[in-house]
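**Q** what follows is a predicted protein model with its sequence.
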Amino acid sequence: MDNPFFKNFGPFKVSHILELLNLKNININLDQYITDIKDLYMSNTGNITFFHSKKYKDVAKNTKASFCLTTENLVTDLPKKCIPIIVDNVLVATSIVTAKFYPESIHDNFDNDVDEIKDTKFKDKIKFGKNVLIGINTKFGDNCIIGHNTIIEKNVSIGNNCSIGSNCIIRNSIVKDNVKILDNCVIGKHGFGFFPNDIKNLRYPHIGIVIIEENCEIGCGSTIDRGSMSNTVIGKNTFLDNQIHIAHNVKIGENSIIAGQVGIAGSSIIGTNVKIGGQAGISGHLKIGNNVEIAGGSGVIKNIADNSKVMGYPAKNIREFLKENK
Amino acid sequence: MDNPFFKNFGPFKVSHILELLNLKNININLDQYITDIKDLYMSNTGNITFFHSKKYKDVAKNTKASFCLTTENLVTDLPKKCIPIIVDNVLVATSIVTAKFYPESIHDNFDNDVDEIKDTKFKDKIKFGKNVLIGINTKFGDNCIIGHNTIIEKNVSIGNNCSIGSNCIIRNSIVKDNVKILDNCVIGKHGFGFFPNDIKNLRYPHIGIVIIEENCEIGCGSTIDRGSMSNTVIGKNTFLDNQIHIAHNVKIGENSIIAGQVGIAGSSIIGTNVKIGGQAGISGHLKIGNNVEIAGGSGVIKNIADNSKVMGYPAKNIREFLKENK
Amino acid sequence: MDNPFFKNFGPFKVSHILELLNLKNININLDQYITDIKDLYMSNTGNITFFHSKKYKDVAKNTKASFCLTTENLVTDLPKKCIPIIVDNVLVATSIVTAKFYPESIHDNFDNDVDEIKDTKFKDKIKFGKNVLIGINTKFGDNCIIGHNTIIEKNVSIGNNCSIGSNCIIRNSIVKDNVKILDNCVIGKHGFGFFPNDIKNLRYPHIGIVIIEENCEIGCGSTIDRGSMSNTVIGKNTFLDNQIHIAHNVKIGENSIIAGQVGIAGSSIIGTNVKIGGQAGISGHLKIGNNVEIAGGSGVIKNIADNSKVMGYPAKNIREFLKENK
């Protein structure tokens, strides 16, 4: 993933990273520099990556990263030129290293560097309500509208012909042309991702962003969290109703229709032309195919093949469900 | 439905309407005027109406409309003096014609014509917080209270003794006496209604309003959408808890109690004295009888008779459900 | 429960209380004073309490209250020195008497006595956004951050190192150190508690508060209602995701993790180290043990023993559920 928004505070020396992880006596050239942290797929020479599950061994074999946080039993799947750094808990170590490179991606304290829009260069370009606040590193296309009390924090790019409602908060997001975001939405906040710890949970960084493609509509009171190591994406011409929650790293395809109060848990991938009825929930890390229809109130806990219609909890073939539940 | 708020931009000549719909060579007097668009039931002489399903044939037979958008196979159910206009897709055509009469009912861009309440005639009549905004065509009874940052957009009528919380947004709504609307509600927005289209979905107009009758309470963070061709109505003394979503055209009877996070999909009719437990969902276009009790978490997908108690997904008789699920 | 926030308008003479309840010809010394109303457990000499169900007879036997609202058939379980006051409906009578002692706890009209933070003594102590409002009787620890448009109404105590997001509303709450409350939350509002009445429901007072212990995080758009006769408590280091609803009197233990759109109904007690998946719902007045895992989308309608994993609606043992629903 390309990261357009969060500042990379690297490079850091290998010695520095090992120290962070409390690792000693490791046989690596400590004076080398590590330039960035990326996933197995996106990494390049000079980067550090992470590999924590056999599931990813095929990607691991081809990673271009120079370093990899991993465990003893996964080491053999890495290419020779990628130097393994063995840790007890790959995800915790990844979190610590990511936090070093991107310290500003961990906490979402309110953006104190906003200005009232009337004091910015956008004052004549945008039609805006009362009390609108605009952060640094923001861009707007032509013909945009922003409602009262809305806060566009830093790191936001809005396309042409967009209408943002009142009382919205947007940060770390790219919104393409002709998108409508209705009142009271919160978009681009970090996801619900952390390592549980009995004293104080350890938040992991969220360096992904939210991308809302052309012609989308996002209903009132919806929340769309930004990704951790990848982006959260709403595909073209996809419409979301009110009070929907889209968790971090979720990707929704084009032309989908999602009714009120639906929730989609982290990292699930939804196809194109998918219809999801009200209050349905989709567990994390699932793949929902194209042209799928999910009945309202369903709870989806498995992948769903293209062109399926499902219903129930756990969701199954809709005909079967209705036959069993006459 | 009487439409108190949206401006009717008609009348329009028949020729104009046919042109909009790309209809040619139709044997009608093109110079007649059409004054308004209404449903089969509410239409009068000079109006155009629409008839898209056999379900409505009894109403169709008695419509007083002068014109009707319909299909070849429904024509015979119309009265003789109602001139049929045959179209491929009745609802799309209805949407196009409604948009012509009521162009301001399609998009809910923020209301730019609001004033700070302290600069309005209401400043001495209402007890209000900081940063309260009031639109044109608004009315308030005696003894009303409006919290901080709340936006009463245009076309709102509030009765006596109403308390509106902070951070609310209300538009196109009639709120009767003694109603309490808690913080963060969005009331009167257009519903989630549109015709899917692979390039750009076509929103249909919502010329209905929201009516909240006497003595109601609406919980924090709830959304109540206005109707498309009819109104969304919350009956007298009905209480809604937090984070509830009421979709367009829904009607809820008197003395009902609806717990947190319930969702009611479009056009469903809920009786009087109905109790709905938390997180229950009700599909669209259903009829829930009087004195019905719906257990929390239920998913209702069929009409429910008066005095029933139901539970489960799909919801069924509660005793049966509990016996089967010991 | 100790009540730090609501002003006690007592003491009141016994005669005054009996008059309120329309009780006559009762053989009690009418000139005695009643100092406060508390539950059976917390009451002391001079207080009035209430006893409405056999369930509480063991607590009733040991109450130190001087007076007790109760019914004929429960009287024998009270200690001799506690004077019974027999009423038709104990909870309605309790509500009426509580409203007399704590009239400010019934309605949550917006707090009109707030000031802009820049005009308060906190202006140099707190890092704050635009349009932040602060009520009377508020306290803040060191190193706190408050986002734009947030309203801290009266009766709020915030600890050290807390970060409150934008567009939040907080009242009647104690927030301990290192707590993070994200955007758009409403915390400390009265619960959804009232006695249904065909003309106008009778709201009962909520004299409890919300307590959020150290190191918690509360996700965007969540609502946490304050208690009626006890407090609503979120235990240390417990994390809530977005759009969660926690009803009045709920207590959640330490180190729990609650995913998006979960709802917990009134008076339920959740143990420590509990994990609740997205959209799960928990009925009121339940006890969920320690180390319990509740799968996303579940509907819990019974108590759950320690260390259980449950799923389904109604929730049952997760293995059993998955076996039955292959």
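**A** Great, that's in hand.
**Q** number of residues surrounding the closest residue in space to A:Thr35 that isn't next to it in sequence?
**A** Nearest in space to A:Thr35, with sequence neighbours left out and distances taken as C-beta to C-beta, 6 or more residues apart in numbering or on different chains, is A:Gly46 at 4.1 Å. (Glycine included, C-beta is placed from N, CA and C.) The local packing of A:Gly46 (other C-beta atoms under 10 Å in any protein chain shown) involves 16 other residues.
**Q** quick one: A:Gly46 and A:Tyr33 touch, right?
**A** Yes: using C-beta atoms under 8 Å, A:Gly46 and A:Tyr33 qualify as a contacting pair, with a distance of 7.1 Å.
**Q** which residues are in contact with both of the two?
**A** With contacts defined as C-beta atoms under 8 Å, 6 or more residues apart in numbering or on different chains, the residues adjacent to both A:Gly46 and A:Tyr33 are A:Pro11.
**Q** quick check: beta-bridge partners of the residue in the stretch 151-300 of chain A positioned nearest to chain C?
**A** Closest approach of the stretch 151-300 of chain A to chain C (C-beta to the nearest C-beta) occurs at A:Gly299, with a separation of 3.5 Å. Beta-bridge pairing of A:Gly299, defined through DSSP bridges, involves A:Gly281.
**Q** what does A:Val233 give?
**A** On the basis of DSSP bridges, A:Val233 is bridged to A:Ile211, A:Lys251.
**Q** could you count how many residues lie near the residue of the stretch 151-300 of chain A closest to chain C?
**A** Counted by other C-beta under 10 Å, the residues lying close to A:Gly299 total 27.
**Q** how far away is it from A:Val310?
**A** Distance check for A:Gly299 against A:Val310: by C-beta to C-beta, to the nearest Å, it reads 10 Å.
**Q** list the contacts for the residue of the stretch 151-300 of chain A closest to chain C?
**A** Taking C-beta under 8 Å, 6+ apart as the definition of contact, the neighbours of A:Gly299 are A:Ala280, A:Gly281, A:Ser283, A:Gly312, A:Tyr313, A:Pro314, A:Ala315, C:Gln279, C:Gly296, C:Gly297.
**Q** ok, A:Cys168 touching A:Lys189?
**A** No: under the criterion of C-beta under 8 Å, A:Cys168 lies out of contact with A:Lys189, with a separation of 12.0 Å.
**Q** distance of the closest residue to A:Glu116 other than its chain neighbours relative to chain B?
**A** When the adjacent residues along the chain are set aside, A:Glu116 lies closest to A:Leu133, with 6.3 Å between them (C-beta to C-beta, 6+ apart). Taken as C-beta to the nearest C-beta, to the nearest Å, the spacing of A:Leu133 relative to chain B amounts to 13 Å.
**Q** for A:Leu133, give the beta-bridge partners.
**A** In this structure, A:Leu133 has the following beta-bridge partners (DSSP bridges): A:Glu116, A:Ile151.
**Q** who touches it in this structure?
**A** Contacts here follow C-beta under 8 Å, 6+ apart; on that basis A:Leu133 touches A:Val114, A:Asp115, A:Glu116, A:Ile117, A:Thr150, A:Ile151, A:Ile152, A:Glu153, C:Gly129, C:Lys130, C:His148.
**Q** out of those, who's nearest chain B?
**A** Of all those, chain B sits closest to A:Thr150, with 8.3 Å by C-beta to the nearest C-beta.
**Q** A:Cys220: neighbour count?
**A** Residues near A:Cys220, counting by other C-beta under 10 Å, number 30.
**Q** I figured it hits A:Cys185, correct?
**A** Yes: shown here, A:Cys220 and A:Cys185 form a contact pair, counting by C-beta under 8 Å, at 7.1 Å.
**Q** need the overlap of contacts for these two.
**A** Common contacts of A:Cys220 and A:Cys185 (C-beta under 8 Å, 6+ apart): A:Gly165.
**Q** how long is stretch A:262-273 from one end to the other?
**A** End-to-end distance for stretch A:262-273, by C-alpha to C-alpha, to the nearest Å: 16 Å.
**Q** now stretch A:212-219
**A** Using C-alpha to C-alpha, the distance between the terminal residues of stretch A:212-219 is 13 Å.
**Q** hmm, who's touching it?
**A** Judged by C-beta under 8 Å, 6+ apart, the contacts made with stretch A:212-219 from elsewhere in the structure are A:159, A:173-182, A:185, A:187, A:224, A:233-244, A:254, A:260, B:192, B:199-201, B:223.
**Q** and if we set it to 6 Å?
**A** A:175-182, A:185, A:234-242, B:200 (C-beta atoms under 6 Å, 6 or more residues apart in numbering or on different chains).
**Q** then stretch A:179-192?
**A** With contact meaning C-beta under 6 Å, 6+ apart, stretch A:179-192 is reached by A:108, A:162-173, A:206, A:210, A:212, A:216-226, A:228, A:247-248, B:169, B:186, C:183-184, C:220, C:241.
**Q** what sits closest to A:Lys154 if chain neighbours are left out?
**A** Take A:Lys154 and drop its neighbours on the chain: the residue closest to it by C-beta to C-beta, 6+ apart is A:Gly135, 3.6 Å away.
**Q** just to check, the one you found is in contact with A:Glu153?
**A** Yes: A:Gly135 lies in contact with A:Glu153 (C-beta atoms under 6 Å); the separation is 4.3 Å.
**Q** now for the two: what residues contact both?
**A** Counting by C-beta under 6 Å, 6+ apart, the residues touching both A:Gly135 and A:Glu153 are A:Asp111.
**Q** more crowded one of those two?
**A** A:Glu153 (28 against 19).
**Q** quick check: that one vs A:Ile86, distance?
**A** 39 Å.
**Q** gap between the lengthiest helix in chain A and the chain center?
**A** With DSSP state H setting the assignment, residue counts place helix A:90-101 as the longest helix in chain A. Per C-alpha atoms, centre = their mean, to the nearest Å, the displacement of helix A:90-101 from the mean C-alpha position of its chain is 17 Å.
**Q** please identify the helix or strand for the residue most central in space within chain A.
**A** Geometric centre of chain A, nearest residue: A:Gly227, 1.6 Å, by C-alpha atoms, centre = their mean. Taking DSSP states H and E as the criterion, A:Gly227 maps to no regular element, lying outside all helices and strands.
**Q** how many neighbours does the residue of the stretch 151-300 of chain A found nearest chain B have?
**A** Checking the stretch 151-300 of chain A residue by residue against chain B with C-beta to the nearest C-beta singles out A:Gly297 as nearest, at 3.5 Å. The burial metric for A:Gly297, expressed as a neighbour count using other C-beta under 10 Å, is 33.
**Q** for A:Asn249, what are its contacts?
**A** Residues counted as contacts of A:Asn249 (C-beta under 6 Å, 6+ apart) are A:Gly227, A:Ser230, A:Gly266, A:Ser267.
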